[in-house]
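Visitor: just to be clear, the model below is a prediction. Sequence and coordinates:
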Amino acid sequence: MSDTKSAVPLTGAQKAAVVLMNLDQEAAAHIMQELTEVESEEIAAEILRLKRVDADIADAALTEYHDLALHSAGRLRGGRDVATGLLEASFGQEKAAGVLSRVASSLAGRAFEFLEQADAGQVALLLDGELPQTAAVVLAHMSPDQASAVLDILDVEFRVEAAHCLATMSKASPEAVRVVAETLRARAGAVVPNREQVEPAGGVQPLVDIINRSSVASENALLDALGRRDPELAEEVRSRMLTFSDIVKLEARDVQQVLRGIDTAVLALAMKGAPETVQETIRANISERNRAALDEEMEVMGAQRLSKVEDARSEVVRAIRQLDAEGVISVHRGDEGEYVE
């Protein structure tokens, strides 16, 4: 929706976008700070879509806000620059970049909505014979869970090539994304109407999101292969991935939420050889009774295979990721150095 000219009633998010576009950046930023991140993303998406808004349509929205009704002269401008400036003023540059990236990725991903109901095997079959760059574009616009399942069953060599392309891809033109989507849609026998596209999101983070949802075996194999191909890139991917040791970065109440669903035997195994700070964080956030049961479990455990310890830690990490995705807890990744076990 690059221009709004019709008399079709605006949605609530569109009205909010028009109002914020009509305010100076500082005032709009104060309003955005009072909204939830989900609400901010929805409004930012509308600002991106609304390139220009005619005065009569702006007037209709602004009359709902008595103190702004007299500020609706001219044609208001939206677009990426407006959305970026508003988000940066509201949340700071780093957080704004994340919000804008998610919005852009969401809008661009609509070209591949026809794949949402396809299983991993069907998507992998569609990618058979395609270039790794094509696969990377597709994976970047799928949900991390679905993309992870697809990545798991691709040919090993092709998987590494596609992962490398995904991590090193920054932008692709909307037209290029549209061509890839339409080609695959035609091969899939589906008919999906064209929709407005924005810049698709590639880069290291989408690959990290995908790998974080893979099995331990797939994760290790892919990172090892990627390390042989591009050691610097593999190290960056590893540095961004959520690990068992990251539990120390959670708020105490969030640690308690995570540990609530972990079996004592699994937790004891995961703590085997873990840094003291990790063990202290876990012990401090369980009940005295569970702490005694955990100590007893660890005393009788003895030596354990590294693979079993890693599997147990992966179960804890999966719980963290799941609760984070559901919004139950919040994972903050700072600049802290990694632990060496």
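Guide: It's in. Numbers count the residues shown, from 1 in each chain.
Visitor: please make it C-alpha for all contacts and neighbour counts, starting now.
Guide: Fine.
Visitor: now the strands: where do they sit in the protein?
Guide: 3-4, 52-53, 76-77 (DSSP state E).
Visitor: mean pLDDT lowest where, among those strands?
Guide: Looking at these, the lowest mean pLDDT belongs to strand 3-4 (a mean of 48).
Visitor: list the contacts for the residue lying closest to residue 240 once chain neighbours are set aside?
Guide: Leaving out its chain neighbours, the residue that sits closest to residue 240 by C-alpha to C-alpha, 6 or more residues apart in numbering is residue 208, at 6.9 Å. Residue 208 makes contact with 237, 240, 241, according to C-alpha atoms under 8 Å, 6 or more residues apart in numbering.
Visitor: what's the distance between residue 208 and residue 137?
Guide: 15 Å (C-alpha to C-alpha, to the nearest Å).
Visitor: helices of the stretch 101-250 of the chain, start to end?
Guide: 120-127, 132-140, 144-153, 156-168, 174-188, 204-211, 216-229, 231-240 (DSSP state H, counting those that start in this stretch).
Visitor: if you count contacts, what does the fifth one end up packed against?
Guide: With contacts defined as 3 or more C-alpha pairs under 8 Å, 6 or more residues apart in numbering; DSSP states H and E, the secondary structure elements packing on helix 174-188 are helix 120-127, helix 132-140.
Visitor: okay if I get those as JSON lines plus mean pLDDT and mean neighbour count?
Guide: Shown next, in JSON lines, are those (pLDDT from 0 to 100; neighbours: other C-alpha atoms under 10 Å):
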{"stretch": "helix 120-127", "mean pLDDT": "84", "mean neighbour count": "17"}
{"stretch": "helix 132-140", "mean pLDDT": "88", "mean neighbour count": "23"}
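Visitor: kindly reformat those as a markdown table containing distance to residue 155.
Guide: Formatted as a markdown table, the helices and strands packed on helix 174-188 follow (distance: least, C-alpha to C-alpha, whole Å):
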| stretch | distance to residue 155 |
| --- | --- |
| helix 120-127 | 9 |
| helix 132-140 | 11 |
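Visitor: wait, which of these is closest to residue 159?
Guide: helix 132-140 (8.0 Å; C-alpha to C-alpha).
Visitor: what's the spacing between the closest one and its chain's center?
Guide: Relative to the mean C-alpha coordinate of its chain, helix 132-140 is positioned 17 Å out (C-alpha atoms, centre = their mean, to the nearest Å).
Visitor: and the contacts of it?
Guide: 112, 127, 147, 158, 161-163, 165-166, 177, 180-181, 200-202, 206-207.
Visitor: now do it against helix 174-188, angle only.
Guide: On the basis of axes from the mean of the first three to the mean of the last three C-alpha atoms, to 10 degrees, helix 132-140 is oriented at 90 degrees to helix 174-188.
Visitor: pull the CA atoms of helix 132-140 into PDB?
Guide: The C-alpha coordinates for helix 132-140 follow below in PDB (Å, rounded to 0.1, in the frame of the first residue of the first chain):
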ATOM      1  CA  PRO A 132      22.200 -22.800  -3.100                       C
ATOM      2  CA  GLN A 133      21.500 -19.100  -3.300                       C
ATOM      3  CA  THR A 134      17.900 -19.900  -4.200                       C
ATOM      4  CA  ALA A 135      17.600 -22.300  -1.300                       C
ATOM      5  CA  ALA A 136      19.000 -19.600   1.000                       C
ATOM      6  CA  VAL A 137      16.400 -17.100  -0.100                       C
ATOM      7  CA  VAL A 138      13.600 -19.600   0.600                       C
ATOM      8  CA  LEU A 139      15.000 -20.600   4.000                       C
ATOM      9  CA  ALA A 140      15.300 -16.900   5.000                       C
END
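Visitor: where in the stretch 201-341 of the chain is pLDDT low?
Guide: Counting by pLDDT under 70, the stretch 201-341 of the chain shows low-confidence ranges at 201-202, 216, 332-341.
Visitor: ditto for the stretch 1-150 of the chain
Guide: Checking the stretch 1-150 of the chain against pLDDT under 70 turns up 1-9, 37, 48, 50-53, 59-92, 94, 96-110.
Visitor: doesn't residue 122 make contact with residue 146?
Guide: No - with contacts counted by C-alpha atoms under 8 Å, residue 146 stays clear of residue 122, the gap being 11.5 Å.
Visitor: residue 264 and residue 292, how far apart?
Guide: The value you get for residue 264 to residue 292, if C-alpha to C-alpha is used, is 10 Å.
Visitor: which of these two has more neighbours?
Guide: Neighbour totals were compared for residue 264 and residue 292, and residue 264 leads with 18 against 12 (other C-alpha atoms under 10 Å).
Visitor: the inter-axis angle of the longest helix along the chain versus helix 216-229?
Guide: The helix that spans the most residues within the chain, counting by DSSP state H, is helix 306-325. Computed by the same axes, to 10 degrees, the angle separating helix 306-325 from helix 216-229 equals 100 degrees.
Visitor: and the angle from helix 306-325 to helix 204-211?
Guide: Going by the same axes, to 10 degrees, helix 306-325 makes 120 degrees with helix 204-211.
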